[in-house]
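**Student:** sequence and predicted structure, then a few things I'm wondering about:
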Amino acid sequence: MAEPLTSQRADKYLHHVRIFKTRSIAAQACDKGNVSIKGQNVKPSREFRVGDVVLVKRGELELHLRVLAFAPNRVSAPLVPTLLEDLTPVENYQRAAERRKQRAMETPNPHEMLTKPNKQQMRQLREWWGQE
């Protein structure tokens, strides 16, 4: 039987608990300075330990997470609360939602375009509107 994990790389952990869709995106976020512990930016190879409080910046939202446990593989969404505790203040979620709405109001009306948007333009518009 395998021993329980006592620590795990930052990029692996963030991918396993579904903060980022892929491990490489998690590593890029670490490299860009979007992941920190106690005010210090984290490199992808940094080992997270149980009890660490991690600050993750994803777009307009700042997530405050406490590490509770580790998993050898990516877990399903219902199991994520067993691995981390969300300490993010409700105000952060509200502020991010307000920014998304405000950004959507600034977006040009797609019906006023001269031609029909192509597939790439539609994806960009949906992303701008916060639908993806």
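**Tutor:** In hand now; what should we look at?

**Student:** just the helices in this protein please.
**Tutor:** 10-16, 23-32, 90-106, 119-129 (DSSP state H).

**Student:** redo the ones you listed as a markdown table? Include mean neighbour count and mean pLDDT.
**Tutor:** Just so you know, the C-beta spots here come from the backbone N, C-alpha and C atoms, and that holds for glycine as well. Output for the helices of the chain, formatted as a markdown table (neighbours: other Cβ atoms under 10 Å; pLDDT from 0 to 100):
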| stretch | mean neighbour count | mean pLDDT |
| --- | --- | --- |
| helix 10-16 | 24 | 96 |
| helix 23-32 | 17 | 96 |
| helix 90-106 | 12 | 88 |
| helix 119-129 | 12 | 87 |
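
**Student:** so how far is Thr88 from Ala104?
**Tutor:** Distance, Ala104 to Thr88, by Cβ to Cβ, to the nearest Å: 22 Å.

**Student:** so who does the residue nearest in space to the middle of the chain touch?
**Tutor:** Closest to where the C-alpha atoms of the chain average out (Cα atoms, centre = their mean) is Ile19, at 4.1 Å. Taking Cβ atoms under 8 Å, 6 or more residues apart in numbering, we find Ile19 in contact with Ala26, Val56, Arg58, Leu63, Leu65.
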